[in-house]
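In: compute the structure for the input listed below.
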Amino acid sequence: MKRGFLLSVALLLLHGAVLAQPSAPPAESGETALYAYRKLGNRYIVSIKNQQEIVAALKAFCQAQRVRSGSITGIGAVNAATLRFIDTSSRRFTEKMFSEQLEMTNLSGNVSTLDGALYLHLHITLGRADYTAIGGHLIAATINGAGEIVIDDWQSPLERTYDEAVGVNFYDFKK
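Out: As a prediction, the model looks like this:
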């Protein structure tokens, strides 16, 4: 009986010690007219507000938080999008605007700098009401519903340089 009592007291003390552990500090969060966010470690969870343009909101966010390199993923819905496509053989870009309700099934890209200025390279896949998909390099898109984005901040400089032969900006690991 005494051994059982001592075991019960030890378990209660251990349970109390576990409960008394300090909790994690509150996560940093904030809100602007374009977005709301919460920071978890080196990761930001960003909610772009309805009727806001995605690229402008992400640029504003990265500038405000001093994100100079990182990765971006997201989902949501838009009602207008301008996409770009490159023909690598001719080095010509074509842009097309889509004005319809679209599901943002995937937004992916990265953050870097070009000549020291913030540079976002974003691609998007959008689902139509007939369950077909369109995609390309994202120039602009307006949220119509949700815009749920995750940004991982790599916290290290990552510069780009224009490649004349290909006609695009590539990572430059020598800088």
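In: make it CA atoms for all contacts and neighbour counts henceforth
Out: Noted.
In: quick one: pLDDT of the nearest residue to Gly147 once chain neighbours are set aside?
Out: Closest residue to Gly147 apart from its sequence neighbours, by Cα to Cα, 6 or more residues apart in numbering: Gly76 at 4.5 Å. As predicted, Gly76 sits at a pLDDT of 98.
In: and the gap between Gly76 and Lys59?
Out: Separation of Gly76 from Lys59 (Cα to Cα, to the nearest Å): 18 Å.
In: between these two, tell me which one has more neighbours.
Out: Neighbours per residue, other Cα atoms under 10 Å: of Gly76 and Lys59, the larger number sits with Gly76, 20 against 16.
In: point out the other helices and strands that the one helix or strand that one maps to packs with.
Out: Gly76 belongs to strand 70-87 when assigned by DSSP states H and E. Judged by 3 or more Cα pairs under 8 Å, 6 or more residues apart in numbering; DSSP states H and E, the packing partners of strand 70-87 are strand 92-98, strand 102-114, strand 133-153.
In: what's the offset of it from the middle of its chain?
Out: Offset of strand 70-87 from its chain centre (Cα atoms, centre = their mean, to the nearest Å): 11 Å.
In: before we move on, what about stretch 129-141?
Out: For stretch 129-141, the distance to the chain centre is 17 Å (Cα atoms, centre = their mean).
In: next, the buried residues of it.
Out: Gly135, Gly136, His137, Leu138, Ile139, Ala140, Ala141 (16 or more other Cα atoms under 10 Å).
In: now do stretch 167-175
Out: So for stretch 167-175, nothing qualifies as buried (16+ other Cα under 10 Å).
In: got the contact list for it?
Out: Stretch 167-175 has contacts (Cα atoms under 8 Å, 6 or more residues apart in numbering) with Arg91, Leu158, Glu159, Arg160, Thr161, Tyr162, Asp163.
In: quick one: end-to-end distance for that stretch.
Out: 19 Å.
In: so for that stretch, mean pLDDT?
Out: 92.
In: what's the farthest-apart pair in the contacts of stretch 167-175?
Out: By the measure Cα to Cα, the contacts of stretch 167-175 have their two most distant members at Arg91 and Leu158, which lie 24.5 Å apart.
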